[in-house]
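1. Need the 3D shape of this:
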Amino acid sequence: MNKSELVEHIAKNADISKAAAARALESTITAIRTTLKKGGTVSLVGFGSFAVTKRPARKGRNPRTGAEIKIKAAKVPKFRPGKGLKDALN
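-> Numbering: from 1, shown residues only. Down below sits the predicted model:
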């Protein structure tokens, strides 16, 4: 499912226009992004949690030349599924 299909699904199930569903989805994504940028977490009970973790700097290899390169430390988003989502899949 891509973003436009998700907007259609939201619009149909919530009985709202596609434009309103698109605005709601964008607002949700923006809220999650803003919270993660500030270092916070977003927990949706029954669905899961979004959080930011730090990946340390490390050494890697250029696959083309085999030369060793330094990979910078980075903050990466993580998603941990909740029990409700896990149970729905099994």
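2. Settle this for me: P81 is touching G48, isn't it.
-> Yes - P81 is within contact range of G48, at 4.4 Å (criterion: Cβ atoms under 8 Å). C-beta coordinates here come from the backbone N, C-alpha and C atoms, glycine included.
3. mean confidence score for the helix or strand hosting T53?
-> Per DSSP states H and E: T53 is located in strand 48-55. Mean pLDDT, strand 48-55: 96.
4. would you say H9 is within a helix?
-> Yes - counting by DSSP: H, G, I helix; E, B strand; the rest coil, H9 falls inside a helix.
5. could you measure it against A24, distance?
-> Note on H9: its distance to A24, by Cβ to Cβ, to the nearest Å, is 12 Å.
6. Nearest residue to A57 in space, ignoring adjacent ones along the chain?
-> Leaving aside its sequence neighbours, A57 sits nearest to A73 (Cβ to Cβ, 6 or more residues apart in numbering; 4.3 Å).
7. The one you found - how many residues pack around it?
-> Neighbours of A73 under the rule other Cβ atoms under 10 Å: 9.
8. Counting residues, name the longest helix you see in the protein.
-> Determined from DSSP state H, the single longest helix within the chain is helix 18-37.
9. That helix - contacts with which helices or strands?
-> Where contact means 3 or more Cβ pairs under 8 Å, 6 or more residues apart in numbering; DSSP states H and E, helix 18-37 is packed against helix 3-14, strand 42-44, strand 48-55.
10. what comes into contact with that helix?
-> 3, 6-8, 10-11, 14, 16, 41-42, 50-52, 77 (Cβ atoms under 8 Å, 6 or more residues apart in numbering).
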